[in-house]
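1. build the 3D model from these lines:
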Amino acid sequence: IPEKEMESNLTLKEAYIDGYWKDIKNQTDEQEEMARKKYAEEYDLDSLLVYAIIKAESNFKADVVSKSNAVGLMQLMDATAEDTANKLGMEYNKEDLTNPEINIKLGTKYFSTLYETYKNIPIALTAYNAGSGNVDKWLTEETISADGSDIENVPFRETNNYVRKILRDYEIYKDIYAEE
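-> I've put the predicted structure just below:
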C-alpha cells in the first residue's frame, strides 16, 4: 500500500473512531453506562461487547420499539424478557423494558446464557438475533460451524449483517477505550 494511501486509511479510521466516540458520549447517560458495566461484569461479559450490541439493537435509544415489538436498549421480546426475569427471580412488567437498567440487566443476562450455551461470541450473537432454534438447526445441518469461523454462511441476510456489524463495532470500541 502506498504511504499516501495508508495515511488516508489511517485518517478514515481515526475519523470513524472519533464518530463512534461521539456516539458513546452523546447518546448514553451515566445510568446506562453504569448499568452496562455492572451487568457485564456480573454476567462475565466484556462491557464493550454489550455496548456494541446496544448500538446495533437500539442506537442507544432506551424507548425504541421495533416492528417485531422488541423493546428498549437491547431490543428484548416480551417472552424472552419475562423468561429471563423469572430465571433471575425478578418481578416482570413489560413497561419496565424502557428502563435502561432493567433492559440492560435482562438483555445482558440473556446474552450471557447464549454465550454459555454456544461458547463463542459470533454464534451467541447469531442466536440473540435469529433465535436459538435457528442456530441449533444450522449447527445440526452444518450450515455454520460451532466455532463461528464461517458466520458468513448464516442464511438470514439481516442476521449475517447484524453479527458482522456488532463484531466490527466491538473491535472499534476496544480501539477507542485502549486509547484512553
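
2. list the contacts for the one residue sitting closest to the centre of the chain?
-> Central residue of the chain (Cα atoms, centre = their mean): Ile53, 1.7 Å from the mean position. Contacts of Ile53 were listed using Cβ atoms under 8 Å, 6 or more residues apart in numbering, and they are Met74, Gly107, Phe111, Leu125, Tyr128, Ile166. To be clear about C-beta, it is placed using only N, CA and C from the backbone, and glycine gets the same treatment.

3. in this structure Tyr118 contacts Ala124, no?
-> Yes. Assessed by Cβ atoms under 8 Å, Tyr118 is found in contact with Ala124 at 4.9 Å.

4. re earlier: most neighbours out of the contacts of Ile53, which is it?
-> Counting neighbours by other Cβ atoms under 10 Å, Leu125 comes out on top of the contacts of Ile53 with 30 neighbours.

5. can you pull out the helices in the protein?
-> Under the criterion DSSP state H, the chain contains helices at 3-27, 30-42, 47-58, 78-88, 100-118, 121-130, 132-140, 157-178.

6. got the contact list for the second one?
-> The reference is to helix 30-42. By Cβ under 8 Å, 6+ apart, helix 30-42 touches 28, 46-47, 49-51, 54, 60, 62, 73, 100-101, 104-105, 108-109.

7. run the last query once more with 7 Å
-> Applying Cβ atoms under 7 Å, 6 or more residues apart in numbering, the external contacts of helix 30-42 come out as Asp46, Ser47, Val50, Tyr51, Leu73, Pro100, Glu101, Ile104, Lys105, Thr108.

8. again, but for the shortest one
-> Applying Cβ under 7 Å, 6+ apart, the contact partners of helix 132-140 are Ile123, Thr126, Ala127, Ile144, Ala146, Val154.

9. quick check: which of the helices of the chain is nearest to Lys94?
-> helix 78-88 (5.5 Å; Cβ to Cβ).

10. pretty sure Asp96 is touching Ile102, no?
-> Yes. Using Cβ atoms under 7 Å as the test, Asp96 is close enough to Ile102 to be in contact (4.6 Å).

11. compare those two (neighbour count), which wins?
-> Per other Cβ under 10 Å, whichever of Asp96 and Ile102 has more neighbours is Ile102, with 21 against 17.

12. go ahead and confirm the more buried one touches Lys94.
-> No. If you go by Cβ under 7 Å, Ile102 and Lys94 don't touch, sitting 10.6 Å apart.

13. ok so, going back, with neighbour numbers in mind, choose between Tyr118 and Ala124.
-> For Tyr118 versus Ala124, the count of surrounding residues by other Cβ under 10 Å is larger for Ala124: 24 against 21.

14. the more buried one contacts Tyr115, doesn't it?
-> Yes. The pair Ala124 / Tyr115 is scored as a contact, 4.3 Å apart, by Cβ under 7 Å.
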